[in-house]
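> My questions are about this predicted structure, shown below with the sequence.
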Amino acid sequence: MNSTSSPGSRSGLPGRLKRPRLYEQLAEHISNFIEAQGLSPGDRLPPERSLAAELGVSRASLAQALVALEIRGRVEIQHGNGAVIREAPTPDAGRSADSGVRLQDRTVDELTAAREAIMAGLARAAASNPNAALRVAMLTDDGTARNFAETWRCVRHLAGGGLLADLDETIAQQADAPESSARLSARLDQLAHRIIDGDQSGAADAVAGILSDTA
């Protein structure tokens, strides 16, 4: 008896649908709200407690969404004022042009080693962030596999930006991000846990080889 394979059987199965995380949906929703209400730079969003209640989400999820918007340059979180609307970010085309030219002659191994050294400093700074609640809100496990770019944006934010973050971004533009793998996800979990625990040395150690030893 002949058998036919259905479109969704065995190797014909489509890949698992990637669903946006809750805080990503929240960030998009809040961004749309800002546009719909015509809020201008300097205007403030409602207080976190009332905004979380209005949206029907936890304050931790809302905090993650606001941080995501701050990273995008859409809002600025100010102590005492809450989330303040910012000017829409404009690309700074010439920001790293000179640095990029100098880095083009470096090998991939050199760039990887340099970036991992910078990442260790950023991981240490992130673990020393005095806002323990923010460390938890940004890096706690939500049950899905961690993404390198997303996790590292959170780490850089917790580290407070500065020169190391600028150098990291410049080098990152000259080299590919590590490919997703089970090993990389496990390494990111380890890094996140060290930062949440405030373990500065452990966080720095967790990034050693993270760009190259993920196969």
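Arrived safely, thanks for sending.

> make it CA atoms for all contacts and neighbour counts henceforth
Noted.

> Next secondary structure after the helix or strand of the chain with the lowest mean pLDDT?
In the chain, the helix or strand scored least confidently by mean pLDDT, DSSP states H and E is helix 97-103, which has a mean of 46. Counting by DSSP states H and E, the next helix or strand C-terminal to helix 97-103 is helix 108-127.

> Which positions in the helix or strand just after that following helix come out as buried?
Scanning forward in sequence from helix 108-127, with DSSP H and E defining helices and strands, the next element found is helix 132-139. Buried residues in helix 132-139, counted by 16 or more other CA atoms under 10 Å: 134-139.

> Would you format the residues you listed as JSON lines with distance to residue 113 included?
Rendered in JSON lines, the data for those read as follows (distance: CA to CA, whole Å):
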{"residue": "134", "distance to residue 113": "29"}
{"residue": "135", "distance to residue 113": "26"}
{"residue": "136", "distance to residue 113": "29"}
{"residue": "137", "distance to residue 113": "30"}
{"residue": "138", "distance to residue 113": "26"}
{"residue": "139", "distance to residue 113": "25"}
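
> need the residues you listed in CSV with pLDDT, can you?
Shown next, in CSV, are the buried residues of helix 132-139 (pLDDT from 0 to 100):
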residue, pLDDT
134, 92
135, 92
136, 93
137, 90
138, 90
139, 93
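
> Would you map the helices across the protein?
In the chain, the helices defined using DSSP state H lie at 22-37, 48-55, 59-71, 97-103, 108-127, 132-139, 148-159, 162-172, 182-196, 200-206.

> looking at the ones you listed, which has the lowest confidence?
Ranked by mean pLDDT, the helices of the chain end with helix 97-103 in last place, scoring a mean of 46.

> Endpoints of stretch 154-168, how far apart?
Between the opening and closing residues of stretch 154-168 there is a gap of 14 Å (CA to CA, to the nearest Å).

> got a list of contacts for that stretch?
By CA atoms under 8 Å, 6 or more residues apart in numbering, the residues outside stretch 154-168 that reach it are 71, 115, 118-119, 121-129, 135, 138-139.

> filter those residues to the buried ones?
Among the contacts of stretch 154-168, those buried by neighbour count (16+ other CA under 10 Å) are 115, 118-119, 121-129, 135, 138-139.

> Residue 201: which of the residues you listed is nearest?
Nearest to residue 201 among the buried ones among the contacts of stretch 154-168, counting by CA to CA, is residue 124 at 6.5 Å.

> and residue 56, how far is that from residue 80?
Counting by CA to CA, the gap from residue 56 to residue 80 is 23 Å.

> So for those two, which sits in the more crowded spot?
It is residue 56, of residue 56 and residue 80, that has more neighbours when counted by other CA atoms under 10 Å, with 10 against 7.

> How about the contacts made by that one?
Taking CA under 8 Å, 6+ apart, we find residue 56 in contact with no residue.

> Now the phi/psi pair for it, please.
Recorded main-chain torsions at residue 56 are phi 70, psi 30, according to degrees, to the nearest 10.

> In contact with the closest residue to residue 195 other than its chain neighbours: list those residues for me.
Computed as CA to CA, 6 or more residues apart in numbering, the closest residue to residue 195 that is not its neighbour in sequence is residue 127, at 4.2 Å. Residues counted as contacts of residue 127 (CA under 8 Å, 6+ apart) are 135, 158-159, 194-200, 203.

> Try it again at 6 Å.
For residue 127, the residues meeting the contact criterion (CA atoms under 6 Å, 6 or more residues apart in numbering) are 195, 198-200.
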